[in-house]
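Asks: sharing a sequence plus its predicted fold:
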Amino acid sequence: MSGPNDNYDPKQVEALSAGVIDGYVADAMTAIAQADSTDELKRARLAHGGDRSPLALANREIGALPHTARKDAGRRVGEARGRVNRAVAERQAVLAEAELSAALVAERVDMTLPVDIAPRGAVHPVTAIIDHMVDVFVALGYEVAEGPELEAEWYNFDVLNLPPDHPSRGEHDTLWIDPIEDAKLLRTQTSPVQAREMLTRDLPLYIISPGKVYRSDEYDATHLPVFHQLEGLVVDKGISMADLRGTLDHFAKAMFGDVATRMRPHFFPFTEPSAEVDLECFACHGESVGNPDRPCRTCRSEGWIEWGGCGVVNPRVLEACGIDSDVYSGFAFGMGIERTVMFRNGAPDIRDFVEGDIRFSRSLLGGAR
Amino acid sequence: MKLPISWLRELVTLPEDATTASIAERFTNAGLTVERIESVGSPVTGPLVVGRVLTYVDEPQKNGKLIRYVRVDVGEAHNDPATDEHPASRGIVCGAHNFEVDDLVVVALPGTILPGDFAIGARKTYGHTSDGMICSEVEIGLGDDHEGIMVLDRGAPGDDATQLLWADDDVLEIDVTPDLGHALSVRGLAREAAIAHGVSYTDRYRMSLPEPSQGGHPIELLTDRCSAFTALTIDGVDPHAPSPKHVTDRLQAAGVRAISLAVDVTNYVMLESGQPLHAYDAAKLDGPIRVRMAEQGETLTTLDGHVRKLDVDDMLITDDRGPIGLAGVMGGEDTEISESTSRIVLEAATFEASSVSRTFRRHGLFSEASKRFERHVDPAVSFAAAKRAAKLLTQYGGGEIVAETFVGEPHPVRRTVKLRAGLIPAILGATIPESESIRLLSAAGVGITALGDSLTLEVPTWRSDLVDPYDIIEEVGRTHGYENIGLRVPTAPAGGGLTPRQWARRDAVRAVAELGFTQTMALPFMSGEDLEKMRLPEDDRRRRAVRIANPLSDEQPYLRTSLLPGLFHVVAKNLSRSLTDLAIFEVGSGFFDTGKLAAPRPALSGRPSDDELRQLDEALPAQPEMMVGIVAGDWVADGWHGPAQPADWTHVVALAERAAAAVGLRLTRRQVDDVMPWHPGRTAELSVEGHVLGHVGELHPSVVEAFGLPAHACAVEFNLGDLLDRAPHEGRIDALGTFPLAKEDVALIVDNDVAAADVEAALVEGAGELLESIALFDVYEGEQAGEGKKSLAFALRLRADRTLTDAEAAEARQAAVDVAAERYGAVQRA
């Protein structure tokens, strides 16, 4: 309720009249609308809404008014300042958005530029595929065994039931350490690792041993004197050829997809019965067999590709390792890693595995795909 | 072993529907892998016939040639009708003159296509129509005799000459494994084919050995390595009698060259029976044949004309003059049969397999005979084989057996194997009834006595491979068919996966690849020159290399003691292929000669003692697993993002540090100045927990030059195995500090030769447990640091489990500086 105002001076009230205030607002609105950058808007805000703006000055005058006029004037000025502030805010939003858009356009970069700036490394395909093979067998519960590359003759040959006169002991096949009488050699297979495990680990035994092996062999497009093998060994009660077939079939499918396998009788001193394991040719799936019109280079039109050797562990080997062959039996298998890479991934010249051209190692980008 | 199918079918009657391909498949499934099927036969197509020369006229030509116009009777079906001038025949112009009227010749009639795609047609020439061609051996692809046309000794006009001259046959090339020696013969393969097809088989060579008698040429066995010796004397053989065509055809198909009747027959019977034979000219033998061991210093000129120095381990055939043959390997020149030989001594002997094997390998004398002896020749077949050879020889060459000698063991032992019948299906993992096992073994020639579950097996003389019960199991499995065995995956006990060390290796290798290094795998051999080029001092451990007795190359007789030379050669290979920005690593064994202990060879009578196993390991040299890396060229190539960043020592240091970090370790680096092949001012020793692992730095310029490496190439080599051995297997994750970080920077002036790592270590020690991290952010050498000085600026980051006051932070900072000052004279930069 406003009280009586005896000193009412209409002239004083004039400066805060609706007309004057509206004029201030109109001026502000014009300036705000005309601002075309956030900087200009800031200036307009200071000029029309800041401490020294006409509206701010008008606001100060309110206190000097008669009581009866204060309420009206106060409401008017307040509303006017509110309108100006809102207009500033709205304009600010519009201008800021426009300026951000412009800035983003200006900040555009060519996102198709090559970014392969740091050197790209890769593990060797042999490393990659060994890791893959190991993981397949680890999933079956196997463990990985390792052993020395420079080995005693006893571990590489004697304990594995290789007769003393066997040709593979000759210098034509085996790299011997000088002097030969010291009975040391570069292992020709990873089987000595199997013997070491049979001699030291508790049964049952489910192991694989990947590693480097040496042969006094040719060095040409299909032969290396140093290459890698993966061998597997199981010694348990009741192990049979069926266990071997099933395991190799599982392994082949894990490595090559849905291919058939076959076991073909063969001979190895370490195993008896022995076999070679063949993979169904993944190039022709056997369709080149007896079909001269569709010869297959991958399998030489035989329909099968020789992958590795395998068999039931010869009881003589078990006995030489102190295992009772009346209670335990086992199977063993082995295959070349480089050959496996060649089957899976091409690599037409096996020498590329050891020559060190970095393009070869990078071919698979470090994966076992 | 090359097996002509016609020969196989002669020895065994196979089912009518058996084709070459199906026979091959059954062989392969039985472990006699057929590697190739080859068709042999005529390269000629079209009407190639036998003709009889009726008349001919020689007509001189203006060009100086003398051509012969011939009328040839080529059989009713092909002859032109008779005319007034000539009887039914064809007229052919021929350039050769080596034939007469009535000779039988080979005529290619129009329509014939000779080798080289040469089509024969009727053509007018020298005033006649030449209606075909009279052929030489060369022209029809039969041989290499081009001296005139072929004159035949058989056939009639109009006969198909193709059938007459060639035997169409398929030949299986079989990979015979070392255990199946009996399959190096047609008779052995015939038995295998019979088993594989379930048909009966009768052995042509099933004849007992006779009781010993010296009725013929005297034989003395002076070594027990020869268990039997048959010598048949055949007299009156026509030395010029040709070998029958089916013999030479089959020899050729089997890959054996035809030579003369006597030689061809011995080879033929060897291929058929598996028993090698040898024919001596009886007139050239001087006294009894003695089989004995060589004496020191003896020599022999073998059939191939080489003079062989003999070893006391060589078994010889000798007569009164001395050695006349390497037993089971090759005969000698002196007693060879010749074009005048009519009296022959035919040898069929049984020699010890391992002895022959050593001898032929020692002399590099691989022969069909030695191949068979090495894999055990049936000790019961020598007499039957000699008899069959003699029969063929006299059948085609005339003469007769005039005397027979047989010395040695007439009753070779048949091995006995005892086996529990149930073991066969148990080990094969297949349902095979006992009756089936017995049937298959009987077919293989095994004699069987069954008593309950116990089988007593009598092994035939030709199966030296059947020794143990498991050999019998394989025999049943092989003939039953592995394809009839089921598939089963055995259940392993729950495994632990990779060991922590195996995981650590994987992590280290992957981390280095992630850093940007590419893995290669060089051959692990090394030359003496590599060591020289690395400028290793005389007493360097890396000079103690293990030598290979029979290296692949004489230039690289050593196993590597460092992986660096191999890596240098890999760099050179890449440079030669214009690959110049290189960051390469390798992981592999090095080999250090740690003594000359011989490795023991414990007896195989059960598990060796722990002591023996220890001695085995102690005999082996140290074989640490090493990691090496090298960089050359640019680490980052010049590009749109900026200028090139040359590869330098920091990148190979990073390799080592990443590998260590990946396995949870931190490397310590210490400046060293005398480790080759590195630059004396740019080398650091790498260690972990006080154990030296290896070295890193820029390579010595002279090493760079010697190996042809790019200037400033940098390399690292360290013992990965030792690193893995020290890897912690349990990492720790602590509570994360959430209180504010206090940042204190400190710049210290020290002498130039003080290592930054040492100053950092001093700061770490001084700052104490409040220090969360420390980083060197500036190195300054210049006027403001002072002569011979440098300024090192470190950022210390401090945190505690409360908000640190300024005073606390300053106190820690001062404590850090104090230790650096005390230890290295460090002065805070103003």
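Replies: Now that the structure is in, tell me what you want to look at.

Asks: alpha carbons only for contacts and neighbour counts from here, please
Replies: OK.

Asks: ok, the residue nearest to B:Pro608 when sequence neighbours are not counted - contacts?
Replies: Distances taken as CA to CA, 6 or more residues apart in numbering or on different chains place B:Pro602 nearest to B:Pro608, at 6.3 Å, with adjacent residues excluded. Contacts for B:Pro602 (CA atoms under 8 Å, 6 or more residues apart in numbering or on different chains) come out as A:154, B:608, B:612.

Asks: present those as CSV; the columns should include pLDDT.
Replies: What follows is the contacts of B:Pro602, written out as CSV (pLDDT from 0 to 100):
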residue, pLDDT
A:Trp154, 97
B:Pro608, 94
B:Glu612, 94
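
Asks: just the buried ones from these, in PyMOL syntax?
Replies: Restricted to buried positions by 16 or more other CA atoms under 10 Å in any protein chain shown, the PyMOL selection for those reads:
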select buried, (chain A and resi 154) or (chain B and resi 608)
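
Asks: quick one: which of the contacts of B:Pro602 is nearest to B:Arg544?
Replies: Comparing these against B:Arg544 with CA to CA places A:Trp154 closest, at 24.4 Å.

Asks: now the closest one: closest residue in space, sequence neighbours ignored.
Replies: A:Trp154 sits nearest to B:Arg601 (CA to CA, 6+ apart), 5.3 Å away.

Asks: tell me the contacts of the one you found?
Replies: Counted by CA under 8 Å, 6+ apart, B:Arg601 has contacts A:153-154, A:158, A:183.

Asks: tell me the secondary structure for it?
Replies: With DSSP: H, G, I helix; E, B strand; the rest coil as the basis, B:Arg601 sits in coil.

Asks: may I have the phi/psi pair for it?
Replies: phi -130, psi 80 (degrees, to the nearest 10).

Asks: which residue ranges form the helices in the stretch 51-200 of chain B?
Replies: Along the stretch 51-200 of chain B, counting by DSSP state H, counting those that start in this stretch, helices occupy B:161-165, B:186-197.

Asks: which strands or helices does the shortest one pack on?
Replies: The one in question is helix B:161-165. The contact analysis (3 or more CA pairs under 8 Å, 6 or more residues apart in numbering or on different chains; DSSP states H and E) places helix B:161-165 against strand B:48-60.

Asks: torsion angles phi and psi at residue 77?
Replies: Defaulting to chain A. In terms of degrees, to the nearest 10, the main-chain angles of A:Val77 are phi -60, psi -40.

Asks: the chain in question should be chain B.
Replies: Phi and psi for B:Ala77, reported as degrees, to the nearest 10, are phi -70, psi -20.

Asks: count of neighbours near it?
Replies: Residues lying near B:Ala77 (other CA atoms under 10 Å in any protein chain shown) number 8.

Asks: per-residue confidence for it?
Replies: On the pLDDT scale, B:Ala77 is placed at 86.

Asks: ok, now how distant is it from chain A?
Replies: 35 Å (CA to the nearest CA, to the nearest Å).

Asks: got a list of what that residue touches?
Replies: Neighbours of B:Ala77 in contact, by CA under 8 Å, 6+ apart: B:Gly158.

Asks: over to the one 4 residues further on?
Replies: With contacts defined as CA under 8 Å, 6+ apart, B:Pro81 is in contact with B:87-89.

Asks: can you pick the most crowded of those residues?
Replies: In terms of neighbours by other CA under 10 Å, those top out with B:Ser89 at 24 neighbours.

Asks: ok, that one touching B:Ala82?
Replies: Yes. Between B:Ser89 and B:Ala82 there is a contact at 7.0 Å, judged by CA atoms under 8 Å.

Asks: element containing A:Phe227?
Replies: In this assignment (DSSP states H and E), A:Phe227 forms part of strand A:226-236.

Asks: now for the following helix or strand past that strand, which elements pack on it?
Replies: Using DSSP H and E, the next helix or strand after strand A:226-236 towards the C-terminus is helix A:241-256. When contacts are defined as 3+ CA pairs under 8 Å, 6+ apart, helix A:241-256 packs onto helix A:125-139, strand A:261-268, strand A:304-313, strand A:329-336, helix B:423-428.

Asks: B:Leu310 is nearest to which of these?
Replies: Of the helices and strands packed on helix A:241-256, nearest to B:Leu310 by CA to CA is strand A:261-268, at 32.0 Å.

Asks: does chain B sit close to that closest one?
Replies: Yes. Using CA under 8 Å from any CA of the partner chain, strand A:261-268 reaches chain B at A:262-267.

Asks: right, and the helix or strand after the worst-scoring helix or strand of chain A on mean pLDDT?
Replies: Lowest on mean pLDDT, DSSP states H and E among the helices and strands of chain A sits helix A:10-14, with a mean of 59. The helix or strand immediately downstream of helix A:10-14 is helix A:18-34, counting by DSSP H and E.

Asks: list the contacts of that next one.
Replies: Helix A:18-34 has contacts (CA under 8 Å, 6+ apart) with A:14, A:41, A:44-45, A:48-49, A:54-55, A:76-77, A:80-81, A:83-84, A:87-88, A:91.

Asks: show me which of these are buried.
Replies: By neighbour count, with 16+ other CA under 10 Å, those hold A:41, A:44-45, A:48-49, A:54-55, A:76-77, A:80-81, A:84, A:87-88, A:91 as buried.

Asks: helices along the stretch 1-150 of chain A, start to end?
Replies: Using DSSP H, counting those that start in this stretch, helices in the stretch 1-150 of chain A cover A:10-14, A:18-34, A:38-49, A:54-61, A:67-106, A:125-139.

Asks: what of the stretch 551-700 of chain B?
Replies: B:564-576, B:610-618, B:649-662.

Asks: B:Pro460 is nearest to which of the ones you listed?
Replies: When the helices of the stretch 551-700 of chain B are compared by CA to CA, helix B:610-618 sits nearest B:Pro460, at 39.7 Å.

Asks: now, of the helices of the stretch 551-700 of chain B, which is deepest in the fold?
Replies: A comparison of the helices of the stretch 551-700 of chain B by mean neighbour count, using mean count of other CA atoms under 10 Å in any protein chain shown, puts helix B:649-662 on top with a mean of 22.

Asks: that one packs against which elements?
Replies: helix B:500-515, strand B:625-632, strand B:691-699, strand B:714-719.

Asks: let's see that with 10 Å instead.
Replies: Applying 3 or more CA pairs under 10 Å, 6 or more residues apart in numbering or on different chains; DSSP states H and E, one finds that helix B:649-662 contacts helix B:500-515, strand B:582-589, strand B:625-632, strand B:668-672, strand B:678-688, strand B:691-699, strand B:714-719, helix B:720-726.

Asks: show residues contacting the fourth one.
Replies: Where contact means CA atoms under 10 Å, 6 or more residues apart in numbering or on different chains, the residues beyond strand B:668-672 that reach it are B:653, B:657, B:678-697, B:753-755, B:757-758.

Asks: quick revisit: how about CSV for the residues of strand A:261-268 next to chain B, with neighbour count, distance to B:Val746 and pLDDT added?
Replies: Formatted as CSV, the residues of strand A:261-268 next to chain B follow (neighbours: other CA atoms under 10 Å in any protein chain shown; distance: CA to CA, whole Å; pLDDT from 0 to 100):
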residue, neighbour count, distance to B:Val746, pLDDT
A:Arg262, 20, 72, 94
A:Met263, 27, 73, 95
A:Arg264, 24, 75, 95
A:Pro265, 28, 76, 96
A:His266, 29, 75, 95
A:Phe267, 22, 74, 94
